[in-house]
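Engineer: Take a look and give me a structure for this.
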Amino acid sequence: MYNSVCFVVLSWVFALLVFPGVPARSGESFSKPMDNITVRQGDNAVLKCIVDNKVSRVAWLNRTTILFAGREKWSLDPRVILLNNTAITEYSIKIQNVNVFDEGPYVCSILTNKKPKSSRVHLIVQVPAKITNISTDITVNEGSNVTLMCLAIGRPEPTIMWRHSSIKGHGFMNEGEYVEITAITKEQSGIYECSANNDISAPDVRTVQITVNYPPFISDVRSTGTPVGQKGILQCEASAVPLADFAWYKEDRRLFNGLNGVKIENKGRQSMLIFFNVSEEDYGNYTCVAMNTMGITNASIILYGPGAVHDVNSAVLSPHSSPCLLLTVILLYLFKF
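Structural biologist: Alright, predicted model coming up:
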């Protein structure tokens, strides 16, 4: 109500003070409010005012600020300019490089037969969504609770969506600034994508990497039947974060690389025990041990001769080593730190 009174009062002031300028179209149609003008931040806004020769004085106002009186510029803002007349006479202005502070009501005020009239337009400034703060990459132990944060600004207010696709292909979607993950599992590790969108421009997208530490589990072992004098290989594969360290045992005796005619070759998640010249003494049960700071596990694998009756799938993924062996492995691993 206060602004309306201000505009009317200022209109009367202009009727008295402004020198005759560009004429403006008279009639009741001029009193009809203009439609809202919506402009994206950084673009130009054109505010139109149609005029004719029956109007003696005219001016543009922004709230209670005078922008133009006739053709005389009162505003100190260099972005505001008066447009040249077109075939249809206009008294229109352009605001260049619009920002949010330009938003609000504008009035084209005229004087016709000593009666002030005005036409109003409300400028709406839209701002593309932008992420201003997001959680940093984190590493946690399996079973921990995790909170992810993604904050964004924009006009209108952006919608925030989280997305995660695990290596097993299970998609995850969540709406909101915060994501709560209770008792996180290794399957929930990976990249989480935050997208902020308000349909003004392309969504703003940022990512957070979650690394989940978990103890080793042996996912694959392979026994082999190898003739005497030939090359034999036992394989053991373990999934773990951090990557597992491997150790090989025959009964309770630890095997070392390069000794007793064997080679231990570790590549990422896989460890191989290689026999270059298998002998009768090499046949028997072997234990693959996988360990990291989160835990330890082992599996039994058998090297046997080609004539032996043996199920190649009989390698087991559960602990079958003696308590003495497990205790020895744990102590040796702990002394590394």
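
Engineer: Output stretch 143-152 as CSV, nothing but the C-alphas.
Structural biologist: Extracted in CSV, the C-alpha atoms of stretch 143-152 (Å, rounded to 0.1, in the frame of the first residue of the first chain):
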residue,chain,number,x,y,z
GLY,A,143,29.2,-50.5,9.8
SER,A,144,29.8,-46.7,10.4
ASN,A,145,27.0,-44.1,10.0
VAL,A,146,27.6,-41.5,7.2
THR,A,147,26.0,-38.2,6.5
LEU,A,148,26.4,-36.4,3.2
MET,A,149,25.6,-32.7,2.7
CYS,A,150,25.0,-30.7,-0.5
LEU,A,151,23.9,-27.1,-0.3
ALA,A,152,22.8,-25.0,-3.2
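
Engineer: so where do the helices sit in this structure?
Structural biologist: Remark: helices of the chain, listed N- to C-terminal, are 2-17, 323-334; assignment by DSSP state H.

Engineer: Strands of the stretch 201-337 of the chain, residue ranges please.
Structural biologist: Here the stretch 201-337 of the chain has its strands, by DSSP state E, counting those that start in this stretch, at 204-222, 224-225, 232-241, 245-250, 253-255, 262-267, 270-275, 284-292, 295-304.

Engineer: If I average pLDDT within each of these, which one is lowest?
Structural biologist: By mean pLDDT, the lowest-scoring of those turns out to be strand 224-225, with a mean of 80.

Engineer: Could you list every helix and strand that that one packs against?
Structural biologist: strand 232-241, strand 295-304 (3 or more CB pairs under 8 Å, 6 or more residues apart in numbering; DSSP states H and E). Heads up, the C-betas are built off the backbone N, CA and C, glycines and all.

Engineer: Next, the buried residues of the first one.
Structural biologist: Pointing back at strand 232-241 there. 232, 234-241 (16 or more other CB atoms under 10 Å).

Engineer: can I get those residues in TSV with distance to R155?
Structural biologist: Formatted as TSV, these follow (distance: CB to CB, whole Å):
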residue	distance to R155
G232	70
L234	65
Q235	59
C236	58
E237	53
A238	52
S239	47
A240	48
V241	42
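
Engineer: From those residues, pick the one nearest S135.
Structural biologist: V241 (19.3 Å; CB to CB).

Engineer: Around the closest residue to that closest one other than its chain neighbours, count how many other residues there are.
Structural biologist: Excluding the flanking residues, the one nearest V241 by CB to CB, 6 or more residues apart in numbering is N213, at 5.1 Å. N213: 19 surrounding residues under other CB atoms under 10 Å.

Engineer: Check the one 3 residues further on too.
Structural biologist: By other CB under 10 Å, the residues close to P216 number 24.

Engineer: do the same with N257
Structural biologist: 12.

Engineer: confidence score at it?
Structural biologist: Per-residue confidence (pLDDT) for N257: 89.

Engineer: likewise the one 4 residues further on?
Structural biologist: What the model reports as pLDDT for G261 is 84.

Engineer: As JSON lines, the helices and strands packed on strand 224-225 with distance to I181 would be great.
Structural biologist: Conversion of those to JSON lines gives the following (distance: least, CB to CB, whole Å):
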{"stretch": "strand 232-241", "distance to I181": "16"}
{"stretch": "strand 295-304", "distance to I181": "21"}
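
Engineer: Could you list which residues are in contact with G295?
Structural biologist: Neighbouring residues of G295 by CB atoms under 8 Å, 6 or more residues apart in numbering: 215-216.
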